[in-house]
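Visitor: Structure for this input, please:
(one chain, ligands or ions: 2)
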Amino acid sequence: MPPRYCEVALPVPLHSTFTYAVPASLDGESLIGRRVVVPFGKRAMIGVGIAESDRPPNIAQVKEIAELMDHLPALPPKLIELGHWITRYYLAPIGEAFRAMLPPEIEIRHNRALSLTDSGRTYLRELTATKEIAGFENAEVDLLRHFENEHSAVPASRVRRWPGGEAVAEKLVRRGYLTARDVVSPRKMRTQKVVAWNPNPPSETASARQRAKSSPSTREAEARIREVLASTRGPLPLALLLEKAHASRAVVQRLEKAGALVTWEEPLTPGEDPWDTDFVPPANVLNTEQKEALEEIWRWIVADKFSAGLLHGVTGSGKTEVYLGAIEAALSRAKTAIVLVPEIALTLWLGRLVRARFGAIVAILHSGLPDIERAREWWRVRRGEAKVVVGTRSAVFAPLENLGLIIVDEEQESSYKQEETPRYNGRDTAVYRARLEGAVALLGSATPSLETYHNARAGKYQLLNLASRVENRPLAEVRIVDLREEFRRQHRAAPVSDALRAAIALRLEERTQAMVLINRRGYSWSQLCRSCGAFVQCQNCSIALTYHKSRQRLECHYCGYSIRPPKECPKCHAEYMYFVGDGTERVDEYLREQFPAARIARLDRDTVRTKREYQQVLGAFANGEINILVGTQMVAKGHDFQRVTLVGVVAADLALGRPDFRAAERTFQLLTQVAGRAGRGELAGEVLVETYYPEHYAIQYAAQQDYISFYEKEAHFRRILYYPPFTALATILVRDRKVENAIRWSRALAEYFAPFEERGVKILGPAAAPLARLRRDYRFQFVLKSPHRSALAKALAGAVAFCAAKELPATAVIVDVDPANLS
Ligand code: ADP
Ligand code: ZN
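Guide: Numbering: from 1, shown residues only. Ligands and ions are numbered 1, 2, ... in the order given. The predicted structure is shown next:
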């Protein structure tokens, strides 16, 4: 066999792969798409093989691949192609692009191991020969002696227990007497304790005697355990048993000791989700519009080639049923399907529906899952056991083969754009993947992005319409509350307008439900000095700190920096500090004061962090246990609550003030979406929108729920101002802790870009970025626009190469293609 070499993509921020030699032990194995462990500097790293060759690379010493991780290639060929596309299109470092596609690394643990070097051996010999040595040298001798007796590298965890421990070892490493390297070791499969009622207890009398000694409450807990395990259910994982029987660990231990229970260890399996049990999906008969849309999708799927479609359906038009039908179509042709949703909460809703319909072949993938659970789902997909994947952005990389359909629900959502490298857009990646695989991409929305609707008008996407709500339910009526007038009347600003308060009171009387959206979490947006006008700012970012009353902190929502609210102004030391701008916490508190009898819950990132908390709040609201739900945009998206008859939007125009060309679009989308939450069941709905700019077209058209007019007007502005969808757009951000560096590098880049102006790329900047400081970095930004994507791509690729040639640090320059935000 000639020597073989493999190009490995490693998760480092560089634009190249690394060449490794393939050891003879891997003869006959293809390495393409397979995860490998390789030495990288002194570390072990996991990468993926993406090309092979038998030509030796042009470097002095080629290291060998240490280990093959899986039997099955993690990435099928189409995903490797997709990874290359992400690298090219988004100018992403290749290894980071590929890492986004791989399963979480749960199988191995990185360990540091130390061993004695030759010079260490000499040093030890010298020291032992010397009669008088210093105290610190004594410690070194003691430690080195331990190493002398070892035949292989010693794990750091053991060295820790030796005299001197790691502190002395580190010094010896620095002087070259010891060497440290990373080793990877397999991690044991995690297990869980499973508990069963013992069918043949050792002797009734013994356990009865035991039990007689226990307190009444313990006996009740025991009875409940018996009830759960022996009567209603079989063996259960310990954690689940404790929850279901409301019992403590101690009670289980007692019963186990008495022989009434038996326990054993089992590999962790996906916990049964109580959210799923007893769920009966609605049995809807498709209406004419739904049927027509679905028949068209069937034709695309049967055609067995790439096509892309936009399902434009007003809120409550029953898009989900069309998605389910489309998945069925794909499965009936022996194909697989992916459904992308914009956030984790929606994987719960949609996941449950899809699972109820298609059963165990459905996998759920999102970043909120613990690594081990995500890895298990991921491999279930890779092995072909799951054929339908419901997930968030990164599920676009789900390793399905024979893909027939990718659905992108709420395709306009900016959460599809990843805000760290690789900065891909899940929706656009979905369309590209569908193209690669000859599959159907179906984008769904009530308020399509300008880009997508433009594509539909241009004939690139086929357009399907659901123009009316199911059963011809009317769209909710939208009323605009002019806050300027409200203030003139009241001369004070309550967190909620009179009109909205009255409307909520009415719902409480009627016993229907209300949702209140305020798109800022916290109690107050900021703390301001009345004397000098300064906001209390983050010390790392150019942003005002948000006040959280329950924690008594001012917090930075970007970097997490927090302080106690100062009593006096940090700038002028006056004592006139006050809080401005109401957030969810304040609105929540205000409503509790106003309606003490109402049951009110809050949904934002401070109150719900885990999947379980989401399920609790949303489940309680769906069951009618909550009257008023207050929340950020988390409440706006997708959910289908039947008894909501009022939606109030507090400070609807918050987004309009942002320096971003999408401000109007975002406002229109948010208002239309949230309005769509009202009146979905048999009860009619009403929406109250509070604003200081009642005549703004985004607010007006949202109130009329008139997408087409909004699109026309917005598209007109975009066209004359050269913004997407009429130009391709990218930003380059230059950042550094030192402002001089950031300025110097952006000047250099400006010079580099100058000639591109003549090649059809418009370059704005460098200018201070809208967030001029973030996490201590100073930031300067270029905005690049071009009617020709290829010209833009050339300028960007050139800039990346230029920065590399100038040896700018890899993290100093951030390229963002098709950015979701300009700030
Ligand atoms: P959206 O288009 O806003 O995503 P959904 O798919 O959530 O709308 O559907 C809204 C509601 O209408 C759901 O409760 C769903 O069960 C119901 N529904 C869907 N199709 C029909 C139908 N053909 N007949 C009656 N109800 C339907
Ligand atoms: Zn900060």
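
Visitor: who touches the residue of the stretch 501-650 of the chain found nearest ligand 1 in this structure?
Guide: Taking CB to the nearest ligand atom, ligand 1 has its nearest neighbour within the stretch 501-650 of the chain at Asp640, 4.3 Å off. Every C-beta, even on glycine, is put in place using the N, C-alpha and C of the backbone. With contacts defined as CB atoms under 8 Å, 6 or more residues apart in numbering, Asp640 is in contact with 320, 349, 680.

Visitor: what secondary structure does it sit in?
Guide: Recorded secondary structure, Asp640: coil (DSSP: H, G, I helix; E, B strand; the rest coil).

Visitor: Phi and psi next, for it.
Guide: Backbone dihedrals for Asp640, given as degrees, to the nearest 10, come out at phi -130, psi 90.

Visitor: What pLDDT does the model give it?
Guide: Looking at Asp640, its pLDDT is 77.

Visitor: go on, the one 3 residues further on?
Guide: Listed pLDDT for Arg643 reads 89.

Visitor: and if you look at Asn149?
Guide: Per the predicted model, pLDDT is 84 at Asn149.

Visitor: Kindly report the same for the one 5 residues further on.
Guide: Note on Val154: pLDDT of 88.

Visitor: Could you report the neighbour count for it?
Guide: Applying other CB atoms under 10 Å, we find 20 other residues in the vicinity of Val154.

Visitor: Contacts only, for it.
Guide: Applying CB under 8 Å, 6+ apart, we find Val154 in contact with 113-115, 146-147.

Visitor: Let's see which of the residues you listed end up in helices.
Guide: Members of the contacts of Val154 lying in helices (criterion: DSSP state H): 146-147.

Visitor: In a markdown table, list the contacts of Val154 along with distance to Ile327.
Guide: As requested, these are exported to a markdown table (distance: CB to CB, whole Å):
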| residue | distance to Ile327 |
| --- | --- |
| Ala113 | 49 |
| Leu114 | 54 |
| Ser115 | 55 |
| His146 | 61 |
| Phe147 | 60 |
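
Visitor: Kindly indicate which of the contacts of Val154 lies nearest ligand 1.
Guide: For the contacts of Val154, the minimum distance to ligand 1 (CB to the nearest ligand atom) is 54.4 Å, reached by Ala113.

Visitor: so who does the residue nearest to that closest one when sequence neighbours are not counted touch?
Guide: Closest residue in space to Ala113, ignoring its immediate chain neighbours: Ala153 at 3.7 Å, by CB to CB, 6 or more residues apart in numbering. Taking CB under 8 Å, 6+ apart as the criterion, Ala153 is in contact with 113-115, 181, 183.

Visitor: Glu485 in helix, strand or coil?
Guide: Assignment for Glu485 (three-state DSSP): helix.

Visitor: quick one: which of the contacts of Ala153 is most hemmed in?
Guide: Counting neighbours by other CB under 10 Å, Leu114 leads the contacts of Ala153 with 23 neighbours.

Visitor: So the residue in the chain sticking out farthest from the centre versus Ile628, what's the distance?
Guide: Distance from the C-alpha centroid of the chain peaks at Lys131, with 62.6 Å (CA atoms, centre = their mean). Computed as CB to CB, to the nearest Å, the Lys131 to Ile628 distance reads 83 Å.

Visitor: rewinding a little: how much space separates the residue of the stretch 501-650 of the chain closest to ligand 1 from ligand 2?
Guide: 37 Å (CB to the ion, to the nearest Å).

Visitor: Is it possible to get a markdown table of the contacts of Val154 that adds distance to ligand 1?
Guide: What follows is those, written out as a markdown table (distance: CB to the nearest ligand atom, whole Å):
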| residue | distance to ligand 1 |
| --- | --- |
| Ala113 | 54 |
| Leu114 | 58 |
| Ser115 | 61 |
| His146 | 66 |
| Phe147 | 65 |
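
Visitor: which two in the contacts of Val154 are spaced the farthest apart?
Guide: The span of the contacts of Val154, defined through CB to CB, is set by Ala113 and His146 at 13.8 Å.

Visitor: lowest average confidence, helix or strand, in this structure?
Guide: Using mean pLDDT, DSSP states H and E, helix 204-212 stands out as the lowest-scoring helix or strand of the chain, at a mean of 58.

Visitor: Give me the distance between the helix or strand just after that helix and the centre of its chain.
Guide: As assigned by DSSP states H and E, the chain's next helix or strand after helix 204-212 is helix 216-226. Relative to the chain's own centre, helix 216-226 is displaced by 42 Å; criterion: CA atoms, centre = their mean, to the nearest Å.

Visitor: Also stretch 561-568?
Guide: On the basis of CA atoms, centre = their mean, the separation between the geometric centre of stretch 561-568 and that of its chain is 30 Å.

Visitor: Surely Thr691 touches Ile699?
Guide: Yes: between Thr691 and Ile699 there is a contact under CB atoms under 8 Å: 5.6 Å.

Visitor: I'd assumed Ala51 was in a helix, is it?
Guide: No: judged by three-state DSSP, Ala51 forms no part of a helix; its state is strand.

Visitor: Skipping adjacent residues, who's closest to Ala493 in space?
Guide: Here the residue nearest Ala493, using CB to CB, 6+ apart, is Phe487, at 6.0 Å.

Visitor: make that Thr429, sorry
Guide: Val396 (5.0 Å).

Visitor: separation between that neighbour and Glu166?
Guide: Look at Val396 and Glu166: by CB to CB, they are 43 Å apart.

Visitor: now swap in Gln418 and tell me
Guide: Here Gln418 is placed at a distance of 37 Å from Glu166 (CB to CB).

Visitor: ok, Val396 and Glu166, which is more surrounded?
Guide: Remark: of Val396 and Glu166, Val396 carries more neighbours, 28 against 17, as counted by other CB under 10 Å.

Visitor: thinking Gln539 is in contact with Ser562, fair?
Guide: No: in this structure Gln539 lies outside contact range of Ser562 using CB under 8 Å: 10.5 Å.

Visitor: neighbour-wise, which of the two wins?
Guide: A side-by-side neighbour count of Gln539 and Ser562, using other CB under 10 Å, places Ser562 first with 15 against 12.

Visitor: backbone phi and psi for the more buried one, please?
Guide: Dihedral angles of Ser562 (phi, psi; degrees, to the nearest 10) stand at phi -150, psi 150.

Visitor: Could you do the one 10 residues further on as well?
Guide: Main-chain dihedrals, Cys572, degrees, to the nearest 10: phi -110, psi 0.
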